[in-house]
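A.B. asks: what's the 3D shape of this:
(one chain, ligands or ions: 1)
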Amino acid sequence: MNNYALSVQHISKFFYEPKKFQVLKDISFDVKQGEFLALIGKSGSGKSTLLYVLSTMDTDYDGSISINGTMLKGKSQNDLAAFRNRNIGFVFQFHYLLPEFSALDNVMLPALKLKQKPDEQIREEALENLNLLGIKDQAFKLASKLSGGQQQRVAIARALINEPAIIMGDEPTGNLDSENTKIVFDIFRQLARDRGQTIIAVTHDDDFADNCDRVIELADGKLYR
Ligand SMILES: Nc1ncnc2c1ncn2[C@@H]1O[C@H](COP(=O)(O)OP(=O)(O)OP(=O)(O)O)[C@@H](O)[C@H]1O
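C.D. replies: The predicted structure is shown next:
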């Protein structure tokens, strides 16, 4: 038991196709609650693979991970899916919104799936999240009609709807111009500082990384710093 938002101990992982290859090599680090962490490294160094392992979506690894004191090893796929829904929010480079649904519907969906709150409450909270992200006025527009930066903000509002303790981003600003990158960065900064949410973002953007609380770097599957 520990008090870290995320504790990663001796993670190793192999791929076996086309030939055996160790993609993650004995990686250990801890992340405090409310910390905003950048995960950097050259292309192919293993960042996305590590994020998939941390996100509980990939269970084929050696070592141990605990999130808010809960050890993930040994949990069933069903239990992991439920854990993920409640504890982790995801933001990807491409937003994966449902284009023919409104921004509001996209944000509500993960909470509707959980079925833990009345629909009206979910709707109110989704509107609050869109407001926090400065796009409440876009709530009733189809996702496909929004700009790239607006779509990414909807994706963040969606990632927040179940109030996850940890937000994981795989190049969350990779598809954005510098103005929208700054908006998204500032939102993450605010969530970490004001709500104590822990943020882990894979990024190729040096400026983004330099402004995070801490940077960890992978090189050839090893933790380099
Ligand atoms: N499913 C897979 N099977 C075999 N090898 C894989 C698989 N997925 C990734 N790899 C390899 O593992 C290594 C790490 O890939 P990964 O996508 O984690 O790197 P990355 O640091 O995120 O790269 P990028 O910055 O380009 O996204 C690469 O050599 C990649 O080719």
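A.B. asks: quick one: the helices in this protein?
C.D. replies: All helices of the chain, identified by DSSP state H, fall at 47-54, 77-87, 103-114, 119-132, 148-160, 178-195, 206-210.
A.B. asks: out of those helices, the one nearest the ligand is which?
C.D. replies: helix 47-54 (3.3 Å; C-beta to the nearest ligand atom). C-beta here means a position set from N, CA and C on the backbone, and glycine is covered the same way.
A.B. asks: the closest one and the ligand, are they touching?
C.D. replies: Yes - Helix 47-54 reaches the ligand (C-beta under 6 Å from any ligand atom) through 47-49.
A.B. asks: which one of those is nearest to Leu112?
C.D. replies: Ser48 (28.4 Å; C-beta to C-beta).
A.B. asks: what is the neighbour count of the closest one?
C.D. replies: 16 (other C-beta atoms under 10 Å).
A.B. asks: I'd guessed it sits against Thr203; true?
C.D. replies: No - using C-beta atoms under 8 Å, Ser48 is not in contact with Thr203, being 11.7 Å away.
A.B. asks: Lys73 versus the residue nearest to Ser28 when sequence neighbours are not counted, what's the distance?
C.D. replies: Distance criterion C-beta to C-beta, 6 or more residues apart in numbering; nearest residue to Ser28, sequence neighbours excluded, is Gln9 at 5.2 Å. From Gln9 across to Lys73, the span is 10 Å (C-beta to C-beta, to the nearest Å).
A.B. asks: and Tyr52, by the same measure?
C.D. replies: 16 Å.
A.B. asks: of the two, which one has the most company?
C.D. replies: Tyr52 (17 against 11).
A.B. asks: which residues touch that one?
C.D. replies: Asp58 (C-beta atoms under 8 Å, 6 or more residues apart in numbering).
A.B. asks: who does the residue nearest to the spatial centre of the chain bridge with?
C.D. replies: Residue closest to the average C-alpha location in the chain (C-alpha atoms, centre = their mean): Met168, at 1.6 Å. Met168 has the following beta-bridge partners by DSSP bridges: Phe90, Ile200.
A.B. asks: that one contacts Asn87, doesn't it?
C.D. replies: No - using C-beta under 8 Å, Met168 makes no contact with Asn87, being 10.5 Å away.
A.B. asks: in space, what's closest to Phe29 - neighbours in sequence excluded?
C.D. replies: Looking at Phe29 with C-beta to C-beta, 6+ apart, the closest residue is Val8, at 5.3 Å.
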